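Peer 1: Following is a predicted model, sequence given first.
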Amino acid sequence: MPTSPNHRAKLLYLMKALLEKTDEENPMTVGELSAELAAYGIKAERKTIYADIELLSLFGLDIVKQRSKNVSYFIANRQFELPELKLLVDAVQSSRFITEKKSEELIAKLSSLTSEAQAKHLRRQVHVEGRAKSFNEPGYYNVDTIHTAINGKAKITFRYFDYNAKKDRVYRKDGGLYDVTPVTLCWNDDKYYLIAYSAEHGELRHYRVDRMSDTALSEETADPFDKEQFNTAEHIKSVFGMYGGEIVRATFIFDESLVNNVLDHFGKGVKLKDKKNGRVEVTVDVSVSPVFLSWVIQFGGRVEITAPDRLIDAMRELLEENIKKYRI
């Protein structure tokens, strides 16, 4: 009896049908599976489908046999469970770093990891349009280049830009290339940053990955940098908002009601000193930057910087500068 060109792939098409069409709430009978195969021009008898299902089970597919009025089958456990996929979809759609177009593409790929029926649950929770998203599509691929450079101990080059009022790119250094040694990538305040060592400045610098363009591996090897002594988590805590600035040992006293806020940012490893009367003291490393000072200001009189003088002076200057703008 002549067979269709697809007949040799019958087992593969059966696996495809089970993976795409079935789940616990949507099992398929042997008759339905046979009809699915027929759509690909494959004619299969019931007994061969039973044997194929047994073979796929031996291969490792978690195929559950369900008995009711008719015997039916469905894929139970998959590489990703539906709640896990929902979590990943939430992360993708809420990320400002990933463009709207790339978000849609990634979510479509995640949806393919479950049945078509369950994929509809993922699509219902997709609300990418209208969210604040990156404009820079290549930023997504910058990450791969940076990781390659880090693993290969190489430098990278790129151009760096800001947006003007017309949303046009304005390149820094008149469009000149930056040449740095990448140290690590980090996620901070819903943004992706490259922490890199700049031999030109002799210090670490921070760059928004979505504002980098023309990123490429350099032929130069990485500049010497002791990564073993570098603690990414501690570094991020000290440089608020990834803004650079002089790192100082700061001491401030705050109301006990703000303990959660302090621990959320500096971690549970910081030492808190009870000053009594509902006041607590902490000493941490921070950068002298407007971002840190603004973090303090948001709590009003419930936080007081007590050291060092350099940081106190910076706070006074920031307050005086803003008072001038709103003085009647």
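Peer 2: Yes, it's here.

Peer 1: quick one: the strands in the stretch 101-250 of the chain?
Peer 2: Shown for the stretch 101-250 of the chain, the strands assigned by DSSP state E, counting those that start in this stretch span residues 154-163, 169-171, 178-188, 191-198, 203-208, 212-221, 247-255.

Peer 1: tell me the most buried of those strands?
Peer 2: Among those, strand 191-198 has the highest mean neighbour count (mean count of other Cβ atoms under 10 Å), at a mean of 21. Where you see a C-beta, it was placed from the backbone N, CA and C, and this is true even at glycine.

Peer 1: which helices and strands does it pack with?
Peer 2: Applying 3 or more Cβ pairs under 8 Å, 6 or more residues apart in numbering; DSSP states H and E, we find strand 191-198 packed against helix 139-152, strand 178-188, strand 203-208.

Peer 1: Pull the residues that contact that strand.
Peer 2: 96-97, 139, 142-143, 146, 156, 178, 180-187, 203-210, 212, 223, 225, 232, 235, 242 (Cβ atoms under 8 Å, 6 or more residues apart in numbering).

Peer 1: what do you get for stretch 62-69?
Peer 2: Stretch 62-69 is touched from outside by 18, 24, 27, 53, 56-57, 71-78, with contacts defined as Cβ under 8 Å, 6+ apart.

Peer 1: ok, back up a step: could you dump the strands of the stretch 101-250 of the chain to JSON lines with mean pLDDT?
Peer 2: Shown next, in JSON lines, are the strands of the stretch 101-250 of the chain (pLDDT from 0 to 100):
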{"stretch": "strand 154-163", "mean pLDDT": "94"}
{"stretch": "strand 169-171", "mean pLDDT": "93"}
{"stretch": "strand 178-188", "mean pLDDT": "90"}
{"stretch": "strand 191-198", "mean pLDDT": "90"}
{"stretch": "strand 203-208", "mean pLDDT": "90"}
{"stretch": "strand 212-221", "mean pLDDT": "94"}
{"stretch": "strand 247-255", "mean pLDDT": "93"}
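
Peer 1: contacting residues around residue 145?
Peer 2: Contacts for residue 145 (Cβ under 8 Å, 6+ apart) come out as 156, 215-217.

Peer 1: That'll do, ta.
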